[in-house]
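>>> The following comprises the amino acid sequence and a computationally predicted model.
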Amino acid sequence: MRRVRFGVIAMKPSMKPSPSRVPTRLAAAPPPQGPSLLACFLAIVADWEPVFPQSRTYLRAVRQALGTLICLGRHTLTRIIWANGGEQQNWRPEYFLFSRSQWNPAQLFTPLIQRALGWCRGRYIGVAIDDTRLHKTGPRIQQAFLQRDPLSPKFYVNLMFGLRFLQASLLVPLFRQAKVGTRALPIAFEEVSVIKRPRRKLPKRKACKGKARPGKRAAKRTKPLSELEQEWKQYRAAQRLHNLSTRFVDLMHRLRATFDACGAAKKTLLLAVDGSFCNRTVFAAVVKGVELIARARKDLKLCFRADDGSRRIYGVEKFTPEQVKLDDSRPWKTTKVFYGGKRRKVEYKEVSGVLWQGGARQRLLRLLVIRPTRYRKQKGGRWYYRQPAYLLTTVVRGTVPQLLQIYFDRWQIEVNHREEKDTLGVGQAQLRHIISVPKQPAFAVACYSALLLASLQAFGAERGKAYAALPKWRRRAARPSALDLIALLRKEMTENPEMVAHLGLNPTNRRLTEAAAA
């Protein structure tokens, strides 16, 4: 006889449940039917095996890659180890993966470029490059330094202690296949540190006993000053050679060599950058097969080439981009770019054959002035206007719609920065070894890029039925976010543990929840 207590049906101890109701897990769960995000991710990271010196190091890296993606809470190495089931094992090999194992994190992005080139059709391959900062608190991290906080309020500069990285993201034009925006895949993530400043004052020396002659005392004073001046001279020389712009030029050469090795030697790389890279160092560096499009200041001094027969190179008359915007004799042209889920009208002015004497020297440029776009906050309300944009590009004969589309897609690298820091917790690992500090964030970004590429290979550009149902306030989302991909990856790993059994993983929802308390 059954007893009902508080709405729950209870059985007597003498009663035995039927064999059909006993939960068993003797048989493994069937593999997922159709495309699988986990299977595509494992196929992509299988190309990483030649990067690592040993097979066991490669397996440890794949385990950490999965743990980095499915970990809950702060993404420290201890939580990643616990999420993978290694909380009762020796944790030192997991840290030695970045400090002692000799492998180059830049080589992790080469297989991703090879697989992503099939999605980039056309003459130009868009690449967005920008710098980002990671907060740190450890005073013993050698690469960390005090720098300007990019989230500081206007006219109030705050300082932050952390690291600086230079990131490059491949702009995959998904709007050609579906009504979704461009997806940015990170293909480089390099640490850019600064040169330490020398000491301003020499340490005080102990007073010598007895009286010294005036000549010897003067000689002792001039010698330390010359040493200090020599230190500052070397510091200024090193500062000119090792800064953000010079590292950008080095990255530009490496990207061109990598794309040539991947089979894209006949295509042109178009690098979209912001105003911090619109300077003499970047525009004076000419790399075959690489073009630039950068945002410029409105008061930049530009000119045309001098008349034929003149000994001058630069024209006498100077003009600024703002003057071009206000010049009524130059008509506004109209084109359309895909932005914000649909094609939108953009008005612009074009000036070809421009010279920038203080920056690009004799390199011909083209100026593009984008008209401010008006919008309304509510129907029937007043019109608001966005800020105009002034672009300088080294592409003199290319079509303007392609250039504007790539520059409008540059915003996707900002989406990468937000997802890397907020969703994946890049920079939260507590490391201070001089080798581990730059390697672990680059490894986490490579895992994030492999996950984005696996979603394209498994389900295409649009959001399919494999993802979880969207809430009411997000029903119009046509493209899966990083959180959607991570949630689907957790689901596939817990429902199909045999796919990761060769890695020594047995993920469960309970284990992931317990690991969040590490």
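Arrived safely.

>>> Tell me which helix or strand in the chain has the weakest average pLDDT.
Taking mean pLDDT, DSSP states H and E as the measure, strand 8-10 is the helix or strand of the chain with the lowest mean score, a mean of 40.

>>> For the next helix or strand after that strand, name the packing helices and strands.
Taking DSSP states H and E as the definition, the helix or strand that follows strand 8-10 towards the C-terminus is helix 37-45. Contact partners of helix 37-45 among helices and strands, from 3 or more CB pairs under 8 Å, 6 or more residues apart in numbering; DSSP states H and E: helix 55-70, helix 110-116, helix 436-459, helix 482-495. Every C-beta, even on glycine, is put in place using the N, C-alpha and C of the backbone.

>>> rerun that using 6 Å as the cut-off
Using 3 or more CB pairs under 6 Å, 6 or more residues apart in numbering; DSSP states H and E as the contact criterion, the secondary-structure elements in contact with helix 37-45 are helix 436-459, helix 482-495.

>>> CSV for those helices, including mean neighbour count?
Formatted as CSV, the entries for the helices and strands packed on helix 37-45 read as follows, by neighbours: other CB atoms under 10 Å:
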stretch, mean neighbour count
helix 436-459, 23
helix 482-495, 19
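
>>> Save those as CSV, and put in mean pLDDT and distance to Ala515 too.
Rendered in CSV, the data for the helices and strands packed on helix 37-45 read as follows (pLDDT from 0 to 100; distance: least, CB to CB, whole Å):
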stretch, mean pLDDT, distance to Ala515
helix 436-459, 96, 17
helix 482-495, 94, 12
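
>>> how about those helices in JSON lines, adding distance to Val180?
What follows is those, written out as JSON lines (distance: least, CB to CB, whole Å):
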{"stretch": "helix 436-459", "distance to Val180": "11"}
{"stretch": "helix 482-495", "distance to Val180": "13"}
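
>>> Quick one, which of these gets closest to Ser310.
Counting by CB to CB, Ser310 lies closest to helix 436-459 out of the helices and strands packed on helix 37-45; the figure is 51.1 Å.

>>> what about that closest one, distance to the chain center?
The chain centroid and the centroid of helix 436-459 are separated by 10 Å under CA atoms, centre = their mean, to the nearest Å.

>>> Identify the residues contacting that helix?
Helix 436-459 has contacts (CB atoms under 6 Å, 6 or more residues apart in numbering) with 35, 37, 40-41, 44-45, 65, 68-69, 98-99, 105, 108, 112, 116, 141, 143, 185-186, 189, 191, 424, 426-427, 429, 431, 485.

>>> any idea of the mean pLDDT in stretch 86-99?
Throughout stretch 86-99, pLDDT has a mean value of 92.

>>> Same check on stretch 414-423?
For stretch 414-423, mean pLDDT is 95.

>>> in that stretch, what's buried?
Of the residues in stretch 414-423, 415-417, 419-421, 423 count as buried by neighbour count, 16 or more other CB atoms under 10 Å.

>>> Repeat that for stretch 178-189.
In terms of neighbour count (16+ other CB under 10 Å), stretch 178-189 has its buried residues at 180-189.

>>> in the chain, which residue is closest to the centre?
Centroid-nearest residue in the chain: Gln167, 4.4 Å away (criterion: CA atoms, centre = their mean).

>>> My guess is that residue contacts Phe189. True?
Yes. Taking contacts as CB atoms under 6 Å, Gln167 lies within contact range of Phe189: 5.1 Å.

>>> Burial check on the nearest residue to Glu414 once chain neighbours are set aside, number of neighbours?
If you skip the residues right next to it in sequence, Glu414 has Asp130 as its closest partner in space, 7.4 Å away by CB to CB, 6 or more residues apart in numbering. Taking other CB atoms under 10 Å as the neighbour definition, Asp130 ends up with a count of 19.

>>> Identify the element of secondary structure that Thr513 sits within.
Counting by DSSP H and E, the secondary-structure element that holds Thr513 is helix 509-515.

>>> Name the residues that touch that helix?
72, 79, 82-83, 494.

>>> and what of stretch 425-435?
Stretch 425-435 is contacted from outside by 74-77, 99, 134, 138, 140-142, 420, 437, 440-441, 444, using CB under 6 Å, 6+ apart.
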